[in-house]
Structures are given as C-alpha cells and as structure tokens.
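Enquirer: After the sequence you'll find the predicted model.
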Amino acid sequence: MDQEESGREIAEVWSTYIAVLLIPLLTENFPPECGELLIIFSYEFMSHNALKNIEQIESDLWGAADQLRANSKLTSSEYCMPVLGIIFLRHAGNRYEKALGQIKAAQASGKMPNRPLVKGDFIKRRALLLPEKARYGYLLKLPSGASLGASLVEAMNVIEEEFEPLRGQLPKEYAQFDDALLENILRTFDSEVIRTANGDLFGRIYEYFLMKFAMQGAQDNGEFFTPPSLVQTIVNVIEPDHGIVFDPACGSGGMFVQSSHFIEHKGLDTSHKVTFYGQEKTGTTIRLAKMNLAVHGLEGDIREANTFYEDVHPIFGQCDFVMANPPFNVDMVDAERVKDDRRLPFGLPGVNKAKKVSNGNYLWISYFNSYLSGKGRAGFVMSSQASSGGHGEAEVRRKIVETGDVDVMISIRSIFSTPALCPANFGTSIRASRRSDAIRC
C-alpha cells in the first residue's frame, strides 16, 4: 500500500469515527462548536494527507478556467457548464484509459477473452467506452485550422449518442469561444498530474469547481452544491449501503457520489447495492447532476420537478435512505396546493394571510419522513431556525418528536458551509419506532 492510499484509509477511518461516535457524544455534553471543530479537523486531515498539494492544483486550474469569463461577456451561470464539460471530458478520458489498461491486462493474462470491446466492459469498471472523437487526446491533436469549438460540440454529441442517460444534458456552447482560448483551457487540464489523476483527486477537483461556481452566484445562489465534508458526515452517520437512495433536492448529485464512495470502500459494487432517485427543480442543475454521476461511472433516475408540489417517483414509503440539503426558509409555497398532500401526515406548519406556508422547512422534514420505509433512515441539512420555530412549526415539530423517529441532531455553523448557506443543523431521522436495532446516540 503506498503512502497516499494509507493516508486515505486512515482519514476515512477517522472520518467515520468522528461522525458516528464523537459528534453525537460531544453535542450532547459540550457546546456545538466542539463537534464542529472535529468535523472540520476530519476534513482537513483528509485534504492534507490523502490529497497532497490538491489546494494548489485546484487554484491553478480555476485561475486558468476563469479566463473563459474574463475573456467573454458571459456570466458565471453561462460559463459554468462549458468549463464543467471540459472537466467531464478530461475525467471521462482518464477513466477510459484506466479501464482500457485493466482490460488489456485481463486479456493478456487469459482472464478475459480477446474479442471486440463493448460498453459493458467499461461500465463494469465505472468508465465510458468513449468514441474516438470524444477522447481528450484526439481533441488536442486536431490539425491547425480545425474548429476546436465545433469539435468539442461533436465530442459531446457522440457521447450522448452512446450513453443514453446523458442525452440532451452535455454542454454545447463552445462555438462562442475563441479557439485559442479553448485550446489553452484543454492544455491546462492535460498536465501530467491531471492525466494521471485517480478518481478521488478528480472527484475533488470537480467538487471544487462546483463550489467556486456556487460562491460566484451561479445557479440560485449556490443551492446546487453541498460541501463534500458535510455530505461525507451524513453518509457516515446513516450508512446508505443498500436499497433505494432518494434525494428530493438533489442539486449536483453529491449525495449519490459520496454514497457510492462509502459502498465501494466496503468492497461492494454500487450498481448492485443501491438505486439512486432524485428530483431537482432546475433543468441546468439536473445537467450538472447527470454529468457528475457519469463522471463517477454512476447512473440514477433524476427528474425535473418541484418537490413542494410534485412527487414524480413511485417510491413513497419505500425508501431505505433519504438524503438532502434543501433550500431553507422558503416562504412562498402555496398552501392550497399542498394541504392535502399525503406526504404531510403532520399537517401544515402555519399559513399566513396570503395563504402561503409561512416557512417551508417542516414541509421538507415531513417529506423526508414520509418517503422512508419502515426501516429507513434520513439524513439531511436544515436551517437552525427549524429547531426553535414557533406556532405551526412548533406543533409539527412536537408531532414528529412524539413519533420517536428522530435520532440525533448535529449543530453546524456557517464556517463549515459555503457562504451561500446559513448556520444549520444536520438532523438524522431514523424510523426508530419501527426498528429493533435503532441507533441510540
């Protein structure tokens, strides 16, 4: 085992230990800040030991990619997708080359017959069988005078043709950029360290870019992004390793990606253990999520829907795990449209004179609870206001507590989140009243 792998394993053990054992203990006996410091320490430990020098790499890459904004009239939300598309191509190329090497080794050793390769050979190794025109090296070797913008669009089109979950999802806005600028960006992502980057490193780079776009205000003030350290904490507490995993406000799909890391760390195959379902209200954000899943070799059923009003998956009361970081403190939900929703068994948390739900936080919490099966678990981020809201919110809160389903709450301050997020609580709701092996922290 090399030093990087050793560091990663130690970090993951500490992350699990801190999230599952120490945080609930400390939040019960000490001020919340103690637990928060431990969470941050866990994440920083992973950053410095498992992914050495990653901060400088991320900063350099961001500076180069930011040229697209500086040299165009595009807003953050407009150049977000083209940049992430190039990162997608680079990572997809890395995964393709790694899988191809594994296949050739298997054929050479006699473990796999020498035959034409098919998509399944690569999907099994969490990679895409990339057509030649979609390979990063092909794009970099285009002859002088060829339109790089047009070639990037063609690369995206041939991937969509070969990989159905991505059809209509990949960015194709490259023709508006100068070819010299595009070539510079492509070569920036072709350094030796990037060409040889493993999944952990590139996943972190992708997440870093998502965070930077969120901080710049792209996509509804950052609603599409949850810091990986926070997602890892949720995953380590509820352990989503089987069955149906649902995120009703899935953003860029980080909950699904971190769940897959958790499953694979146990030596299991994500595709054989879980089925991912997601809802997201913004079409562009769904594109981010599908690219994020594809870049990690994952698939999921993610649909465009406003979860306040729509329930588009046939999984009510069947989910083994529900995970989410929904928009906080929404105050414009139409009470008339949701008052009879079967997902609100505890009633509405207060209605104002305009017949709007005064605060949507407890709509979300009720939804999470109602989607769970009898032995399901939910882990979610929620505004700290939800723990002290009065009137209708207090009544719904009382009913939820009386079910015995709430297991643990962890206080999170804003230093743990992106600037777009306010101080929050990470709550874990476990259907303890129906579980003989309920976790008690």
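Expert: Structure's in. What do you need?
Enquirer: Run a quick neighbour tally on the nearest residue to residue 242 once chain neighbours are set aside.
Expert: For residue 242, ignoring the flanking residues on the chain, the nearest one in space by C-beta to C-beta, 6 or more residues apart in numbering is residue 273 at 5.4 Å. In short, each C-beta sits where N, CA and C put it, glycine included. Applying other C-beta atoms under 10 Å, we find 17 residues neighbouring residue 273.
Enquirer: for residue 168, same thing?
Expert: 9.
Enquirer: any idea which element the residue nearest to it when sequence neighbours are not counted lies in?
Expert: Of all residues not flanking residue 168 in the chain, residue 160 sits nearest, at 6.8 Å (C-beta to C-beta, 6+ apart). Of the helices and strands defined by DSSP states H and E, residue 160 is found in helix 148-162.
Enquirer: Same check on residue 142?
Expert: Applying DSSP H and E, one finds residue 142 in no helix or strand.
Enquirer: Check the gap between it and residue 135 for me.
Expert: 12 Å (C-beta to C-beta, to the nearest Å).
Enquirer: again with residue 192
Expert: Relative to residue 135, residue 192 is positioned 18 Å away (C-beta to C-beta).
Enquirer: How about residue 87?
Expert: Applying C-beta to C-beta, the value for residue 87 to residue 135 is 15 Å.
Enquirer: before we move on, what about residue 246?
Expert: For residue 246 relative to residue 135 (C-beta to C-beta), the value is 35 Å.
Enquirer: what about the two, which has more around it?
Expert: residue 246 (32 against 17).
Enquirer: what packs against the helix or strand harbouring the more buried one?
Expert: Assigned by DSSP H and E, residue 246 belongs to strand 243-247. Under the contact criterion of 3 or more C-beta pairs under 8 Å, 6 or more residues apart in numbering; DSSP states H and E, strand 243-247 touches helix 254-265, strand 274-280, strand 319-324.
Enquirer: switch the cut-off to 10 Å
Expert: Secondary-structure packing of strand 243-247 (3 or more C-beta pairs under 10 Å, 6 or more residues apart in numbering; DSSP states H and E): helix 254-265, helix 270-273, strand 274-280, strand 319-324, helix 361-371, strand 372-383.
Enquirer: That strand pairs with which strands?
Expert: Strand 243-247 pairs in its sheet with strand 274-280 (parallel), strand 319-324 (parallel), by DSSP bridges.
Enquirer: Could you single out the most deeply buried of those?
Expert: strand 319-324 (a mean of 26; mean count of other C-beta atoms under 10 Å).
Enquirer: now that one: how far from the chain's centre is it?
Expert: Computed by C-alpha atoms, centre = their mean, to the nearest Å, the chain-centroid distance of strand 319-324 equals 14 Å.
Enquirer: for stretch 240-250, same thing?
Expert: 11 Å.
Enquirer: With only the CA atoms kept, save it in PDB.
Expert: The C-alpha trace of stretch 240-250 is given here as PDB (Å, rounded to 0.1, in the frame of the first residue of the first chain):
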ATOM      1  CA  PRO A 240     -26.600   4.200   2.700                       C
ATOM      2  CA  ASP A 241     -25.300   0.900   1.500                       C
ATOM      3  CA  HIS A 242     -28.400  -0.900   0.100                       C
ATOM      4  CA  GLY A 243     -31.800  -0.400  -1.500                       C
ATOM      5  CA  ILE A 244     -33.400   2.900  -2.600                       C
ATOM      6  CA  VAL A 245     -31.500   6.100  -2.000                       C
ATOM      7  CA  PHE A 246     -33.500   9.200  -2.700                       C
ATOM      8  CA  ASP A 247     -32.600  12.900  -2.700                       C
ATOM      9  CA  PRO A 248     -35.700  15.100  -3.300                       C
ATOM     10  CA  ALA A 249     -33.500  18.200  -3.700                       C
ATOM     11  CA  CYS A 250     -30.500  16.600  -5.400                       C
END
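Enquirer: what's the average pLDDT for that stretch?
Expert: The average pLDDT for stretch 240-250 rounds to 97.
Enquirer: Then stretch 111-121?
Expert: Stretch 111-121 comes out at a mean pLDDT of 93.
Enquirer: From start to finish, how long is it in a straight line?
Expert: For stretch 111-121, the first-to-last residue distance is 13 Å (C-alpha to C-alpha, to the nearest Å).
Enquirer: How far off centre is it?
Expert: 31 Å.
Enquirer: Sort out which residues of that stretch are buried, please.
Expert: Within stretch 111-121, the residues that qualify as buried are residue 121, counting by 16 or more other C-beta atoms under 10 Å.
Enquirer: swap in stretch 172-183?
Expert: For stretch 172-183, using 16+ other C-beta under 10 Å, the buried residues are 172, 173, 174, 177, 179, 181, 182.
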